[in-house]
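1. I need the structure of the sequence given here:
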Amino acid sequence: MNFYSYVIYNQEHHRFYYGFCMDLEKALQAHNEGKIDLTKDYSNWVMLYHEGFASKMEASRRSRFYRSVAGQRYLKNILKF
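-> Model prediction:
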């Protein structure tokens, strides 16, 4: 699996971020260092969930799915929120 879709969470501000990448550790580090525009105002992100995919397109689609109502239900069920 070369690509990942992921969900990170900032507990202090109760914010979620849904994305995709090739390297989960580097992605999380970039979010915590303020290198990602949409998350730069917050730090201390933690990885809640990730899935691996063979293609960038699949990972991107899954990331978009997480943002949908059905995706929110799926994550709520998986993560027990």
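2. the lowest-mean-pLDDT helix or strand in the chain - contacts with which helices or strands?
-> The helix or strand of the chain with the lowest confidence, counting by mean pLDDT, DSSP states H and E, is helix 69-79 at a mean of 93. Identification of packing neighbours for helix 69-79 by 3 or more CB pairs under 8 Å, 6 or more residues apart in numbering; DSSP states H and E yields strand 46-53, helix 56-67. In this view, the C-beta of every residue, glycine as well, is placed from N, C-alpha and C.
3. tell me the spacing between residue 13 and residue 54.
-> With distances taken as CB to CB, to the nearest Å, residue 13 is found 34 Å from residue 54.
4. mind checking which of the helices and strands packed on helix 69-79 is nearest residue 37?
-> Smallest distance to residue 37 across the helices and strands packed on helix 69-79 (CB to CB): 16.1 Å, for helix 56-67.
5. give me the contacts around that closest one.
-> 3-7, 18-21, 51, 53, 71-72, 74-75 (CB atoms under 8 Å, 6 or more residues apart in numbering).
6. among those, which one lies nearest to residue 28?
-> Of those, the one sitting nearest to residue 28 (CB to CB) turns out to be residue 6, at 8.1 Å.
7. checking the closest one next. Helix, strand or coil?
-> Three-state assignment for residue 6 (DSSP: H, G, I helix; E, B strand; the rest coil): strand.
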